[in-house]
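Quick one: sequence plus predicted model below, questions after.
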Amino acid sequence: MDQIIELLAVIASAIFGVSLARRHNMDFAGVFSMALIVAFGGGSLRDIFLDRHPLFWIEKHHYPVIVFFLSLLTSVVPRFPKSIEKWLIIPDALGLGLFSVAGTDAALESGTSFFVAALMGAITGTFGGVVAEVICNQVPSLFRPAPMYATCAFTGSWFYVLLQQWEPARPVAGPVAIIVIVAFRLMALRFQWILPQMEADE
Amino acid sequence: MDQIIELLAVIASAIFGVSLARRHNMDFAGVFSMALIVAFGGGSLRDIFLDRHPLFWIEKHHYPVIVFFLSLLTSVVPRFPKSIEKWLIIPDALGLGLFSVAGTDAALESGTSFFVAALMGAITGTFGGVVAEVICNQVPSLFRPAPMYATCAFTGSWFYVLLQQWEPARPVAGPVAIIVIVAFRLMALRFQWILPQMEADE
Amino acid sequence: MDQIIELLAVIASAIFGVSLARRHNMDFAGVFSMALIVAFGGGSLRDIFLDRHPLFWIEKHHYPVIVFFLSLLTSVVPRFPKSIEKWLIIPDALGLGLFSVAGTDAALESGTSFFVAALMGAITGTFGGVVAEVICNQVPSLFRPAPMYATCAFTGSWFYVLLQQWEPARPVAGPVAIIVIVAFRLMALRFQWILPQMEADE
């Protein structure tokens, strides 16, 4: 189960990274790097924070190869419609949900507190995208008033932590929490759920 | 002693992060993330560099909870005067002093050289703020001609290293070095102590 | 051999960092920080990814001292010609080649797959420069259409991996791979070898 979640998270995130890079007219080196960063950024930070070695993509060494061929594949596609932008939200939301749950799970396994586990889920889910945005030289949407993103990951991770505690729910906790995060995120985008800004008036 | 220094550093840095985020009109997710980054960034990097696990905020798991409630608290405050900017320098200077000394101390404990220990102090003291500035999409003041910042941390960390070696000074080395860094930083701001620029003339 | 490669990589990268900082009119704190980041960034990430402790610059504690004095030295030079820019490519290419091979070597030693080893080489070779560019608030050239950089590191790292497997070539694998990367990079700059952009047409 964990294996499948992780693999799907890597693929979804890599596709998001590739499309983001494509949209910024990068070359193949940029596309591959961006795919690596989005796919492995959050999980690497989680593994380093929790002192888990070897890092997940070093141990499962087919992951970087998969990301490489995913990046190559898109190079063969001659045209890549700009309207892809609106479809990008799907792999992005999937990556968010999958990695958040994988991160929370790893933290719980390492024996962290519940709060830290939920935080680790949110960090694992959002870090890759944040770094990608910093590289593209824009203020990450996590730090701008924008449809809820980290909030979905943090809430969903808490949801997973609590479900995990409840014995009968355990076998379905993972999939359910992932669905909650993905649905929460897609609805936040659809209905423009934006947290109120903290103003700094005179 | 070390415990109190660390807790104070976390609180001062979180307040600085919150205020910075407020000033950039972020929402609660941004405010909380920014508070976490400024409060835990430097210490996390120190722990990772020195291979200290679990990270200080994972072990002392009440730290992230404190940062969360500090962030929540400010959301209740309806207005936040822009003139707060000039008061921000106080928690920022405190965070700088407290984390620099905590970083130097951890490095010495790990048996690094004096030079590396002082460097680790400066890194621990400044890293959170540098990341926060990169996120806000500006060249960090550490890399622009601006009142001395890293210089205060590095000098003060050296001061702490040397005091530590001198047996009778040891019990007061921490507080004294913190005061030196905070005072140095505040005076640098007050009197515009700026290191000369290295020019690259034609 | 490894020792000499690493020391040369540190010196070449520090010189590149110093010159970059000079070109951006930074003060001494900025110059020293930039030199540290370019010289130790890639190797630190490699050591953290591979769980090698103490980090190479903490263990070889004369490295930061060397970087410090290199940074100091340039402060004495009153004028620093802007035309230096075109000479900067030499230490930059050297740092790229030396660190890529050092990174690949460390990964192979840690028992990673070949693909991961070559990737680690490219990460080690390019990371310092990427961070330096993000700090200077520009989109790193790795992510813009520009003469090949990461591609040289990745290709040359693969070359090193393969040479290493071939017994009789082993003693010269390091120097040969370094020369390949440096030459590849310099030619990419000279002849404007740029990978095709991935366009995102309407």
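Yep, it's here. Every value quoted in this text rests on a predicted model; they were computed, and no experiment measured them.

Quick one: the helices in chain A, in order.
For chain A, the helices defined by DSSP state H cover A:2-23, A:28-49, A:56-59, A:62-76, A:89-109, A:114-135, A:150-165, A:170-190.

Of these, which shows the lowest average pLDDT?
Lowest mean pLDDT within the helices of chain A: helix A:2-23, a mean of 85.

What residues of that helix count as buried?
Residues A:5-6, A:8-23 are the ones in helix A:2-23 that count as buried (16 or more other Cβ atoms under 10 Å in any protein chain shown). (Glycine included, C-beta is placed from N, CA and C.)

Please work out the angle formed by the directions of it and helix A:62-76.
On the basis of axes from the mean of the first three to the mean of the last three Cα atoms, to 10 degrees, helix A:2-23 is oriented at 30 degrees to helix A:62-76.

Which elements pack onto helix A:2-23?
Applying 3 or more Cβ pairs under 8 Å, 6 or more residues apart in numbering or on different chains; DSSP states H and E, one finds that helix A:2-23 contacts helix A:28-49, helix A:62-76, helix A:89-109, helix A:114-135, helix A:170-190.

Please export the C-alpha coordinates of the last one as CSV.
Extracted as CSV, the C-alpha positions of helix A:170-190 are listed here (Å, rounded to 0.1, in the frame of the first residue of the first chain):
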residue,chain,number,x,y,z
ARG,A,170,-6.8,1.9,10.1
PRO,A,171,-6.8,-0.1,6.8
VAL,A,172,-8.7,2.6,5.0
ALA,A,173,-7.0,5.6,6.7
GLY,A,174,-4.5,6.2,3.9
PRO,A,175,-6.8,6.1,0.9
VAL,A,176,-9.5,8.1,2.7
ALA,A,177,-7.1,10.8,3.9
ILE,A,178,-5.7,11.1,0.3
ILE,A,179,-9.2,11.5,-1.1
VAL,A,180,-10.0,14.1,1.5
ILE,A,181,-6.9,16.2,0.7
VAL,A,182,-7.3,15.9,-3.1
ALA,A,183,-11.0,16.8,-2.9
PHE,A,184,-10.3,19.6,-0.4
ARG,A,185,-7.7,21.0,-2.7
LEU,A,186,-9.8,20.7,-5.9
MET,A,187,-12.7,22.4,-4.2
ALA,A,188,-10.5,25.1,-2.8
LEU,A,189,-9.4,25.8,-6.4
ARG,A,190,-13.0,25.5,-7.8
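
what sits up against that helix?
A:1-2, A:5, A:89-90, A:92-94, A:96-98, A:100-101, A:104-105, A:125, A:147-149, A:151-153, A:155-157, A:159-160, A:163-164, A:169, A:193 (Cβ atoms under 8 Å, 6 or more residues apart in numbering or on different chains).

For chain A, what lies in contact range of chain B?
By the rule Cβ under 8 Å from any Cβ of the partner chain, the part of chain A lying against chain B is A:48-51, A:110, A:112-113, A:115-116, A:119, A:134, A:137-140, A:142-145, A:148-151, A:154, A:194-202.

wait, what's in contact with A:His53?
Shown in contact with A:His53 (Cβ under 8 Å, 6+ apart): A:47, C:51.

For PyMOL, what selects the buried ones among the contacts of helix A:170-190?
Written as a PyMOL command, the selection of buried residues from those, which uses 16+ other Cβ under 10 Å, is:
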select buried, chain A and resi 5+92+93+94+96+97+98+100+101+104+105+125+147+148+149+151+152+153+155+156+157+159+160+163+164
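
pLDDT at A:Phe80, what is it?
pLDDT, A:Phe80: 60.

should've said A:Met198
At A:Met198, pLDDT is 73.

so who does it touch?
B:21-22, B:25-28, B:31, B:74-75, B:80.

A:Ile66 contacts A:Ala14, correct?
Yes - with contact defined as Cβ atoms under 8 Å, A:Ile66 reaches A:Ala14; the gap is 7.3 Å.

and chain A, which of its residues are near chain C?
For chain A, the residues in contact with chain C (Cβ under 8 Å from any Cβ) are A:21-31, A:33-34, A:36, A:44, A:48, A:53-55, A:57-58, A:61, A:64-65, A:68, A:74-75, A:79-84, A:134-137.

go with 7 Å
Proximity of chain A to chain C (Cβ under 7 Å from any Cβ of the partner chain) is limited to residues A:22-23, A:25-31, A:33-34, A:48, A:53, A:55, A:58, A:61, A:64-65, A:74-75, A:79-80, A:82, A:134-137.

Buried subset of these, written for ChimeraX?
The ChimeraX command for the buried members of these (criterion: 16+ other Cβ under 10 Å) is given here:
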select /A:22,23,26,27,28,29,30,31,33,34,48,55,58,61,64,74,75,80,134,135,136
